[in-house]
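*Asks:* Here's my sequence, what's the structure:
(2 chains)
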2 protein chains.
Amino acid sequence: MYDFEFHNPTKIIFGRGKEEEIGAVLNRDGIGKVLLVYGSRSIQESGLLERLKENLGRQGVIFAEFGGVVSNPVLSHTRKGIELAKSTDVEAILAVGGGSVLDEGKAIAVGAVAEADIWQYFTGRVVTAALPIYTILTLAATGSEMNGNSVITNEENSQKYSLTSPLAYPLVSILDPQLTCSVPADYSAYGAVDAISHVLEAYFTRQPGSRLQDRMVESIIKTVMASHEVIRRHPDNYEARAEFMWTATLALNGLTAAGVGDYSFPNHMIEHSLSALYNIAHGAGLAIVMPAWMRWYSRQHPAQFERFADKIFGLKGAEAGIEALEKWFQEIGAPVRLQDAGIGWADIALIAENAADLARLWGMDDLYPREVIADILTLAVE
Amino acid sequence: MYDFEFHNPTKIIFGRGKEEEIGAVLNRDGIGKVLLVYGSRSIQESGLLERLKENLGRQGVIFAEFGGVVSNPVLSHTRKGIELAKSTDVEAILAVGGGSVLDEGKAIAVGAVAEADIWQYFTGRVVTAALPIYTILTLAATGSEMNGNSVITNEENSQKYSLTSPLAYPLVSILDPQLTCSVPADYSAYGAVDAISHVLEAYFTRQPGSRLQDRMVESIIKTVMASHEVIRRHPDNYEARAEFMWTATLALNGLTAAGVGDYSFPNHMIEHSLSALYNIAHGAGLAIVMPAWMRWYSRQHPAQFERFADKIFGLKGAEAGIEALEKWFQEIGAPVRLQDAGIGWADIALIAENAADLARLWGMDDLYPREVIADILTLAVE
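*Replies:* Here you go, the predicted model:
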C-alpha cells in the first residue's frame, strides 16, 4: 500500500425519480440561480427537461438555459457557456446529461470565476476557484458524477485534454437509473467499455502489491459485464441499469486507485487522439485501443495479465484474457480495430503525433514516445 | 439496487509519518485550539503524544489535554470531556487512538455544543451540531475514522448504545499504519473480527440483489484474512498493517451497504450487551456472537450462507462456511464461546434482557424479542 490522500465529498442521491429533489437540494444549499447545462434532443424529447424546469420553478430557483453540448464536448461551446454564466450571474452549474454534459458543465463552473482563459486549466494551470456543481446523470459511463475530472476538446488544434481539481467534484449528483433506460444499445456498450477501462488503467500500470484494490477492480469488471449482459437483452431492466450505473460511478471515484502507487492512463492518452481527430465516441475508441495496448504492455508485464485472465474469465495465460475481453467488446457491439471505424495504416503517424503531445503534457513521454505509440497502434489496425 | 444516499466527506491522509501533518491540517482549516483526546499508556510510551504536542506547538495550535479514554468508552468520562471542551473553549476535537478514543472524541464534539445531555443523542435525539472532528488512528478495527458513528457505554444502566450523524464524520483522519505495528496480537485479532463483522451484517441481512456489494464484501473479507495471516506472524510488517488498516476503514464507511436496501446489525446488537455487562473487547464479543447468530439465521436464509462458504472458503454448504469462519477466529486467538470468556448458561437471561432493550431502540424487537436472543445465545455457550 502506497501513501495516498482520499477525499471524495460528492453526495450521491440514487434511485427512481430522485431528480425531483433537485429544487429542494438547491434550496437547502442556498442556491437561488443556476445555469442549466444540457445536450440536445434526448432530454427534451423524454420530457425530463420540462419536468426539471417545472421543479426549479416550483422551488423558486431561477435558471438560465444552455443546451447544445455535444459528445466529445468542444472548447468553443464551453467558452459560450462561460460567457452566459458570467452575464447571467448564476451561482451554480446544474448539468443534466451524460459525461460530456457534466464535463462541459464543470469547465463552465471553473471558467465562470477563473482569472485566465479556460483552456489554460486544461494545459496545466491549477484551478483555484469554481462555481458549485450539481449534476443529474442520464448516461452511465464516465464517472464524472463523482470525481473532479473534466475532458474537453479544443477543435482548433485537435487537442482532447483534461482538467482535474478538488473544486470540480460535484456537490450533489442525482443518479436515477430509469433515466438511462432509453440509452441506445451502442452507447450502453461504450459505457461498459469506458467503465472497464477506468479500472484497468491502474490495475495494469500500478506498482506491485495492492491486493484489495485488485479485488475491487475485479468485482467492478464482473459486475459491469454481468449487468451489461442483461441490459443488452432487456434495455428497460431497472435492476441491471441501476447496478451498472453505480458500478460505473465507483469505477472512477478514486477508490480503486487509492494506495496503488504511481499509475498512468495510457489507453485514455491514445484514445483521446482518436476522439479528437475523428470524433469517435470515447468508449468506442477505448475498445479499439485497449486490446492493442494490452498486447503490447503484457509482453513486459505478463503477471498481472495472467491474473486478469484467471480472475475475470477463468482462463490461463495473458493472451487468453486479452482475447476474451476483445471478444466480449465485439459481442456487445463495440469496434475493436481502427478499420472498424474507417481508420487505416495511413492515419497512424497523425494519431501518434497527436497522442505524443498529450504524453508530454502528462509526463509520460519517456515511456510513450511517438514511435512507441505508433507501435501500439499498428496492433490495432486490422 | 435499492434507493440510497451516499455522502462520506472525510478526508483520509494515509501513509508513513503522516501524523506530522496534523498541525498544518488544523492551520489550513483555521483551527487554533483543540481538545486532544486520547487513551492512556500506549501513545505516551511510544512517544507519539509528545511528538504530536511538539507538532501542534510548532504550528501555533493551542491544545487542552484529555486522556484516560478506556476500551468500551464510558459515559461518565465522556461527560468530563464535554465539560473540559466547554470550559477551555476549544474549536475542534483531535482524537488520537483506536475506535474507542475516536468514538468518545465524537461524543465530546457533539456534547460540547449540544442543547441536551449527551446521552439523549445515544437514545434517539437527532444531532444538530458538533465541533469539527480530526483523528489520528492507532488501531485499525472499527472504521470510526471514516463514518458518523460513535458507541458509548452508560455504566449506570449497562447500556452500550450508539449515535449516528452526518455531523460526526471526521473532517480529516490521518492513518499511519506504522502506528498500528505495536498493537498486541489479541487486539489485532479482535480488529480483524470486527472488520469482518461490519461487512457481514448487511451481507446476510440485506434485501435480495446487490451483486456488486456482495463482491466488494468478499474482497474485503479475503483481504482482512490474508493481511491478518501476515500480521500474526510478522506484527511489524508494514504492508500487511497498511492493507488491513485501509480495508478496515472501507468495511464500515457506507460503501458496502449503499444500495442494499434495509439491513440490520443483529450481531452488534447482541455483542453490545456482552461488552456492556462484562466489559469484553468488542471484537472478542463479536467472535462469540457471530457463529451462533449465523447458525440461527442460516436456517431461515441458507442461500447467502452457501454463497459465503463458496466465495470465501471454497466450501459447499452453509454450515461449512460458518464452521470455517469460526475455526479461523479460534486460530487467530479470538474466543468463540461464552465459556471462553467465563460466561455461562446462567447469564443468558441477563444478556438477552439487556440486548432486548437495544433491539427495541433499534426497532428490531419484532425479529429479535428476548426469547429469540436467548435462543441465539444458547448456541454460543459451549
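
*Asks:* number of nearby residues for whichever residue of the stretch 51-200 of chain A sits closest to chain B?
*Replies:* Nearest residue of the stretch 51-200 of chain A to chain B (CB to the nearest CB) works out as A:P177 at 7.2 Å. (C-beta placed from N, C-alpha, C; glycine too.) Neighbours of A:P177 under the rule other CB atoms under 10 Å in any protein chain shown: 23.

*Asks:* Check whether it really touches A:R16, as I assumed.
*Replies:* Yes: with contacts counted by CB atoms under 8 Å, A:P177 reaches A:R16, the gap being 7.5 Å.

*Asks:* Which SSE is immediately downstream of the biggest helix by length in chain A?
*Replies:* In chain A, taking DSSP state H as the definition, the longest helix is helix A:211-233. Downstream of helix A:211-233, the next assigned helix or strand under DSSP states H and E is helix A:238-250.

*Asks:* which residues touch that following helix?
*Replies:* For helix A:238-250, contacts defined as CB atoms under 8 Å, 6 or more residues apart in numbering or on different chains pick out A:12, A:14, A:16, A:137, A:140-143, A:145-146, A:175, A:177-178, A:180-181, A:191-192, A:194-195, A:220, A:223-224, A:226-228, A:230-231, A:234, A:256, B:1, B:209, B:211-212, B:255, B:258-259.

*Asks:* by contact count, what packs against the helix or strand containing A:K160?
*Replies:* Taking DSSP H and E as the criterion, A:K160 maps to strand A:159-164. Strand A:159-164 sits against helix A:99-111, strand A:149-154, helix A:266-278, helix A:348-361, with contacts defined as 3 or more CB pairs under 8 Å, 6 or more residues apart in numbering or on different chains; DSSP states H and E.

*Asks:* Ok, which of those comes nearest B:L94?
*Replies:* Of all the helices and strands packed on strand A:159-164, it is strand A:149-154 that lies closest to B:L94, at 32.6 Å by CB to CB.

*Asks:* quick revisit: residue contacts, the residue of the stretch 51-200 of chain A closest to chain B?
*Replies:* A:14-16, A:140, A:238, A:241-242, A:245, B:1.

*Asks:* roughly how far apart are it and A:M290?
*Replies:* 26 Å (CB to CB, to the nearest Å).

*Asks:* quick one on the thing from earlier: please identify the deepest-packed of the helices and strands packed on strand A:159-164.
*Replies:* Ranked by mean neighbour count under mean count of other CB atoms under 10 Å in any protein chain shown, the helices and strands packed on strand A:159-164 are led by helix A:99-111, which reaches a mean of 29.

*Asks:* Give me the mean pLDDT for it.
*Replies:* Averaged across helix A:99-111, the pLDDT comes to 98.

*Asks:* Between helix A:238-250 and that helix, find me the angle.
*Replies:* Angle of helix A:99-111 versus helix A:238-250, following axes from the mean of the first three to the mean of the last three CA atoms, to 10 degrees, is 40 degrees.

*Asks:* Quick check: buried residues in the helix or strand following helix A:99-111?
*Replies:* Downstream of helix A:99-111, the next assigned helix or strand under DSSP H and E is helix A:118-121. Neighbour-count burial for helix A:118-121 flags A:118-119, A:121 (criterion: 16 or more other CB atoms under 10 Å in any protein chain shown).

*Asks:* Likewise for stretch A:157-175?
*Replies:* Under the neighbour-count criterion of 16+ other CB under 10 Å, stretch A:157-175 has A:158-163, A:165, A:167-175 buried.

*Asks:* next one: stretch A:364-381
*Replies:* Buried residues in stretch A:364-381, counted by 16+ other CB under 10 Å: A:364-365, A:368, A:370, A:372-374, A:376-377, A:379-380.

*Asks:* Stretch A:72-83 too?
*Replies:* For stretch A:72-83, the neighbour count (16+ other CB under 10 Å) marks A:72-75, A:77-79, A:81-82 as buried.

*Asks:* just stretch A:305-322 next, same as before
*Replies:* Neighbour counts over stretch A:305-322 (16+ other CB under 10 Å) mark A:305-306, A:308-309, A:311-313, A:315, A:318-322 as buried.

*Asks:* could you pull out the strands for chain A?
*Replies:* Ranges of strands within chain A are A:4-6, A:11-14, A:33-38, A:62-66, A:92-97, A:133-137, A:149-154, A:159-164, A:172-175, based on DSSP state E.

*Asks:* With pLDDT and distance to chain B as extra columns, can I get the buried residues of stretch A:364-381 in TSV?
*Replies:* As requested, these are exported to TSV (pLDDT from 0 to 100; distance: CB to the nearest CB, whole Å):
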residue	pLDDT	distance to chain B
A:M364	96	24
A:D365	96	28
A:Y368	97	28
A:R370	97	36
A:V372	98	32
A:I373	98	33
A:A374	98	38
A:I376	98	31
A:L377	98	34
A:L379	97	31
A:A380	97	31
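
*Asks:* Closest one to A:P335 out of these, please.
*Replies:* When the buried residues of stretch A:364-381 are compared against A:P335 (criterion: CB to CB), the nearest one is A:A380, at 10.0 Å.

*Asks:* Distance of the closest one relative to A:M290?
*Replies:* Counting by CB to CB - A:A380 and A:M290 are separated by 9 Å.

*Asks:* A:T123 too?
*Replies:* For A:T123, the distance to A:M290 - CB to CB - is 26 Å.

*Asks:* can you list the residues of chain A near chain B?
*Replies:* A:1-16, A:18, A:177, A:209, A:211-212, A:215-216, A:218-220, A:222-223, A:226, A:239, A:242-243, A:246-247, A:250, A:255, A:258-259 (CB under 8 Å from any CB of the partner chain).
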